[in-house]
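K.L.:
Okay, here's the prediction I keep looking at, along with the sequence it came from:
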Amino acid sequence: MRSYIEKRNALILALSNFVGCPVLMASQVEPEMEPPFIVYSITSDYTPDNGLGNYSLEDGSTEGTAVEVREEQPTTTMSFTACSINRVEEKDGEQVSILGADEALELATLAQGFFLHGGRYAIQKAGFVVVDVTNATSRDALELDEMGRRFGFDVRLRYTRTDLAEVDTVTNVITKQKE
């Protein structure tokens, strides 16, 4: 049984491999990466489906105990933002101008494609199913003396959550019967 964090980390690694650039958690204390990169945040880790879940009993770890298992399939919402800036890079000995807005939109579209189709097996292996992918919109931000070009979208995913509670069992019951 994998935790939500383990599932999320597997998903983020698969996305990073798919798009070919770093996918980083937002609001971390570390120097910002060189563009392009994607930042993500969890806007909601647990949105229940209003059901009670499925309950079952399993044997406990010690004799005389049982484990009550509750499973449900809530959704989680993650927000992804592709980041770039206008810059000039040298490629093959020539100066190449990179438009940050175009690069960020292209990267956001590629990441959307991961959730819409290209990453379906990696998403399933991580323990998620895609429910909804929103449109990529501009999330530009002023960075000191230039605009940070950003395009972002949200993804709603369904996953299985399992909660365990150890319970005592009753053994050697003696009942009295009235005559």
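P.N.:
Looks like it arrived, so ask away. Numbering: from 1, shown residues only.
K.L.:
Which residue ranges of the chain form helices?
P.N.:
Remark: helices of the chain, listed N- to C-terminal, are 4-19, 100-113, 120-126; assignment by DSSP state H.
K.L.:
Which helix or strand in this protein has the lowest average pLDDT?
P.N.:
Every helix and strand of the chain was ranked by mean pLDDT, DSSP states H and E. The lowest is strand 141-143, at a mean of 71.
K.L.:
Could you list the buried residues of stretch 16-29?
P.N.:
For stretch 16-29, the neighbour count (16 or more other Cβ atoms under 10 Å) marks 16, 18, 19, 21, 23, 24 as buried. Where C-beta positions appear, they are placed from N, C-alpha and C, glycine not excepted.
K.L.:
Pick the one among those residues closest to residue 41.
P.N.:
Distance to residue 41 across those (Cβ to Cβ) is lowest for residue 24, with 10.2 Å.
K.L.:
Any idea what the closest one is bridged to?
P.N.:
Beta-bridge partners recorded for residue 24 (DSSP bridges): residue 39.
K.L.:
Assess the claim that it and residue 37 are in contact.
P.N.:
Yes: in this structure, residue 24 is within contact of residue 37 by Cβ atoms under 8 Å, at 6.2 Å.
K.L.:
who's in contact with stretch 116-132?
P.N.:
Here stretch 116-132 makes contact (Cβ atoms under 8 Å, 6 or more residues apart in numbering) with 2, 7-8, 10-11, 14-15, 18, 75-76, 114-115, 133, 154-160.
K.L.:
Just the buried ones out of those residues, please.
P.N.:
Using 16+ other Cβ under 10 Å, the buried ones in those are 7-8, 10-11, 14-15, 18, 75-76, 114-115, 133, 154-159.
K.L.:
Quickly note the distance from residue 86 to residue 122.
P.N.:
Computed as Cβ to Cβ, to the nearest Å, the residue 86 to residue 122 distance reads 32 Å.
K.L.:
and which of the buried residues of stretch 16-29 is nearest to residue 110?
P.N.:
In terms of Cβ to Cβ, no member of the buried residues of stretch 16-29 lies closer to residue 110 than residue 19, at 5.1 Å.
K.L.:
what's the pLDDT at that closest one?
P.N.:
Note on residue 19: pLDDT of 98.
K.L.:
Please apply the same query to residue 125.
P.N.:
98.
K.L.:
returning to what we had before: taking the buried residues of stretch 16-29 together, which two end up most distant?
P.N.:
Using Cβ to Cβ, the two most remote members of the buried residues of stretch 16-29 are 18 and 24, lying 15.2 Å apart.
K.L.:
Across the sheet, point out what pairs with residue 155.
P.N.:
residue 78, residue 133.
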